[in-house]
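> Test case, fold it:
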Amino acid sequence: MLLFVVVLGAAATRFTGLNWDGGMGAHPDERYIVGVAEGLHWPSRMNPLAVDGSFAYGPLPVYLAALGIGLARNVDSLLVCRVLAALLGLVTVGLTVALGWQVFGWRVGLLGGALVGLAVVHVQQDHFYTAEALLVPFVVAALLFATRLAENGRTTDGLLAGALAGLAVGSKGAALLLALPLGVACLLSGSDERRRWLLRLACGGAALGAFALTNPFAVASFPTFWRNVTFQAAIARGSIDVPYTRQFHGTWPYVYQAMQLLRWGTGWLAGLAGIGGLAYEAYRLFRRTASRPELVLLSWTLPYLAFVGALYAKFPRYLLPVTPVLALYAGALLVGSRGARTIDDGPGKGRRASGLCKGVATGLRALPALLVLGAALLRCCAFVNLYRESHPWAAASHWFSDHATLGSTVAVEEWDHPLPTGPEHFDVQTLPVFDEDSGEKWDQMASTLGGADYVVIASRRGYGTLARWPERYPQTARYYEMLFGGDLGF
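Next up is the predicted model:
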């Protein structure tokens with residue numbers, strides 16, 4: 001019954017407002033993946049590299065999207081993919097419950113699943129079809145069978161863990177780090193060295209086979225695929241400079257991601273509980289009291305956080321593969337795992353406390369969990385309520401179209417969503433704000449501004465980045481100061 005409530009609540013948050021933006025495709029990664037999927041056709045045209053030679057994601061999300069689009073004919077492709085993302089989000093919630101149940105007990109599993117179901121970062125991202133839509137459930141499923149492997153040593157669990165890891169890598173290359181928990185699970189599960197090597201071969205073979213079977217063109221054109229992947233990895237590390245990652249200039253590794261997760265992703269209470277639970281698990285590792293399944297989870301969580309936290313690009317969705325485990329750590333800290341002390345443990349076990357005392361003690365133990373869960377629920381409800389209103393870009397576009405003179409010239413910023421969204425009644429010109437400050441750039445800026453009737457800034461991507469980077473963009477920083485000060489006539 002409680003599992004049904006958790007899944008039903010998660011479904012309500014994920015299927016509310018799937019078409020919130022009116023089909024404009026507000027998420028750039030989603031637009032790209034859906035666009036590539038639209039260029040495929042089951043089963044005759046299935047090579048994403050033939051649609052875009054620079055395609056760098058794992059092909060599996062594109063294949064699933066293409067299949068869904070092909071089956072749901074005459075339905076908007078974006079909406080089809082968002083339904084898939086919402087369904088995959090529910091799968092993640094269910095797998096989180098199963099993983100928590102396997103490692104910590106049913107109470108932790110249910111609480112962790114509820115926290116994932118209510119986490120704003122998951123609710124938001126489950127409204128978009130990105131590579132993480134498939135990556136996250138495959139990661140959690142691989143961890144589930146890896147913990148089972150560590151506990152019972154069954155070859156079947158090793159094969160399933162490996163196959164799911166291969167599917168996760170087929171969604172996004174960051175899942176290569178799953179080799180660590182799978183390796184730890186194999187190390188802990190075998191009774192002798194020969195058995196451990198057989199399990200390693202089973203896991204590795206299943207992973208390679210699953211990847212090859214579901215990503216044949218990535219294998220057939222591996223040099224091109226690998227070149228594209230390493231190029232995107234260089235962008236994420238900051239080795240290659242592109243406009244859409246400059247927003248992370250001056251941000252602190254690890255600290256920035258932690259603050260984003262606490263402020264916007266999970267909320268302070270749930271986030272701090274997760275971090276506290278992770279710290280306690282690390283302490284148990286140091287004291288050598290962690291169970292085998294707990295060691296498997298730590299061998300995923302700690303290296304992944306170390307890797308992602310050091311990246312130059314710090315998009316919140318990069319943390320999605322680890323937030324279900326953090327939710328379970330929060331649950332273990334708040335309600336305790338199986339084997340934790342209870343009211344009847346200890347020297348006084350033979351003496352039964354009164355029913356009232358038991359009830360009070362149970363309520364006090366449950367109070368922290370209820371507070372965290374209640375805060376997550378309120379936060380989630382407030383966020384989901386946003387989907388009842390029009391997307392701000394849609395509302396702004398309608399207002400602009402109603403009040404601006406038709407045929408006017410509108411200047412918009414490059415690398416941002418152009419507004420109004422229906423520009424056919426206006427002459428839309430682009431301001432190259434992200435170009436390096438140079439005479440050529442400012443000649444074009446002056447020309448565009450001189451002929452513009454309106455300047456429309458859709459988000460803070462431009463001024464939020466460039467105005468605080470005067471060392472690189474001195475003239476652009478001054479431009480924004482004058483623009484918002486009303487000195488440019490707009």
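> the strands in this structure, which residues?
For the chain, the strands defined by DSSP state E cover 409-413, 427-431, 454-456.
> looking at those strands, which is buried most?
Among these, strand 409-413 has the highest mean neighbour count (mean count of other C-beta atoms under 10 Å), at a mean of 20. All C-beta atoms are positioned from the backbone trio N, CA, C, and that covers glycine.
> give the contact list for Gly204.
Gly204 makes contacts with Gly162, as judged by C-beta atoms under 8 Å, 6 or more residues apart in numbering.
> which residues of the stretch 101-250 of the chain score low on pLDDT?
Along the stretch 101-250 of the chain, segments meeting pLDDT under 70 span 190-191.
> how about the helices in it?
106-118, 120-125, 132-152, 155-169, 179-189, 193-214, 216-220, 222-237 (DSSP state H, counting those that start in this stretch).
> Kindly present the strands of the chain as JSON lines, with separate columns for mean pLDDT and distance to Val75.
Shown next, in JSON lines, are the strands of the chain (pLDDT from 0 to 100; distance: least, C-beta to C-beta, whole Å):
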{"stretch": "strand 409-413", "mean pLDDT": "95", "distance to Val75": "30"}
{"stretch": "strand 427-431", "mean pLDDT": "94", "distance to Val75": "29"}
{"stretch": "strand 454-456", "mean pLDDT": "95", "distance to Val75": "31"}
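> Return the distance of the residue nearest to Ala210 when sequence neighbours are not counted relative to Pro181.
In space, and not counting its chain neighbours, Ala210 is closest to Gly166: 3.2 Å by C-beta to C-beta, 6 or more residues apart in numbering. Relative to Pro181, Gly166 is positioned 14 Å away (C-beta to C-beta, to the nearest Å).
> same thing with Ala174?
For Ala174, the distance to Pro181 - C-beta to C-beta - is 14 Å.
> In terms of neighbours, single out the busier of those two.
Between Ala174 and Pro181, Pro181 has the larger neighbour count (other C-beta atoms under 10 Å), namely 27 against 22.
> neighbours around the nearest residue to Glu389 once chain neighbours are set aside, how many?
Leaving aside its sequence neighbours, Glu389 sits nearest to Ala395 (C-beta to C-beta, 6+ apart; 7.5 Å). Ala395 has 11 neighbours, counted by other C-beta under 10 Å.
> try Ala218
By other C-beta under 10 Å, neighbour count at Ala218 equals 25.
> Select, out of the strands of the chain, the one closest to Val242.
Nearest of these to Val242, taken as C-beta to C-beta: strand 409-413 at 15.5 Å.
> what residue is smack in the middle of this structure?
Among the residues of the chain, the one closest to the centroid is Arg317, at 2.9 Å (C-alpha atoms, centre = their mean).
> Isn't Ala404 up against Val456?
No: using C-beta atoms under 8 Å as the test, Ala404 is too far from Val456 to be in contact (9.3 Å).
> hey, what's in contact with both of those two?
Shared contacts of Ala404 and Val456, defined by C-beta under 8 Å, 6+ apart, comprise Val410, Pro420.
> thinking again about what came up before, of all the strands of the chain, which lies closest to Tyr463?
Closest to Tyr463 of the strands of the chain is strand 409-413 (C-beta to C-beta; 8.7 Å).
> tell me what the closest one is packed against?
Where contact means 3 or more C-beta pairs under 8 Å, 6 or more residues apart in numbering; DSSP states H and E, strand 409-413 is packed against strand 427-431, helix 439-451, strand 454-456.
> could I get those as TSV with distance to Leu370?
As requested, the helices and strands packed on strand 409-413 are exported to TSV (distance: least, C-beta to C-beta, whole Å):
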stretch	distance to Leu370
strand 427-431	51
helix 439-451	55
strand 454-456	46
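> Mind checking these for the one nearest to Thr266?
strand 454-456 (33.4 Å).
> Report the contact partners of Leu79.
Going by C-beta under 8 Å, 6+ apart, Leu79 touches Leu18, Asn19, Gly23.
> Emit the ChimeraX select command for whichever of those residues are buried.
In ChimeraX syntax, the buried subset of the contacts of Leu79 is picked out as below (16 or more other C-beta atoms under 10 Å):
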select :18
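> Between the helices and strands packed on strand 409-413, which one is closest to His122.
strand 454-456 (31.7 Å).
> Do you know the pLDDT at the residue nearest to Glu389?
pLDDT, Ala395: 91.
> and if you look at the one 4 residues further on?
Per-residue pLDDT puts Trp399 at 92.
> what's around it, how many residues?
When neighbours are defined as other C-beta under 10 Å, Trp399 has 11 of them.
> try Thr96
There are 33 residues near Thr96, going by other C-beta under 10 Å.
> do the same with Tyr329
By other C-beta under 10 Å, neighbour count at Tyr329 equals 28.
> ok, it to Val103 distance?
10 Å.
> what do you get for Ala282?
In terms of C-beta to C-beta, Ala282 sits 15 Å off from Val103.
> Pick out whichever of the two has more residues nearby.
Set Ala282 next to Val103 and count neighbours by other C-beta under 10 Å: Val103 wins out with 27 against 15.
> Can you tell me the closest non-neighbouring residue to the more buried one?
Pro293 (4.3 Å).
> That neighbour and Gly166: what is the separation?
According to C-beta to C-beta, Pro293 and Gly166 sit 21 Å apart.
> So which of those two has more stuff around it?
A count of neighbours by other C-beta under 10 Å puts Gly166 above the other of Pro293 and Gly166, at 27 against 22.
> Would you agree that one is in contact with Gly205?
No: Gly166 is beyond contact range of Gly205, at 9.5 Å (criterion: C-beta under 8 Å).
> Run a quick neighbour tally on Ala86.
Applying other C-beta under 10 Å, we find 22 residues neighbouring Ala86.
> ok, it - contacts?
Ala11, Arg14, Phe15, Leu18, Asp126, His127.
> make it 10 Å
Ala86 makes contact with 10-11, 13-16, 18, 123, 126-129, 133 under the criterion C-beta atoms under 10 Å, 6 or more residues apart in numbering.
> which of those residues has the most neighbours?
Highest neighbour count within those, by other C-beta under 10 Å: Tyr129, with 32 neighbours.
> Angles on the backbone of it, please.
phi -90, psi 90 (degrees, to the nearest 10).
> Confirm for me that it is in contact with Ala66.
No: using C-beta atoms under 10 Å, Tyr129 makes no contact with Ala66, being 11.7 Å away.
> Need the overlap of contacts for the two.
Common neighbours of Tyr129 and Ala66 (C-beta under 10 Å, 6+ apart) are Val34, Ala37, Ser77, Cys81.
> burial count for the last one?
A count of neighbours around Cys81, defined by other C-beta under 10 Å, yields 27.
> Leaving out the residues flanking it, which one is nearest to it?
Tyr129 (3.6 Å).
> That neighbour: what's it in contact with?
Applying C-beta under 10 Å, 6+ apart, we find Tyr129 in contact with 27, 29-31, 33-34, 37, 61-62, 64-65, 68, 77-86, 88.
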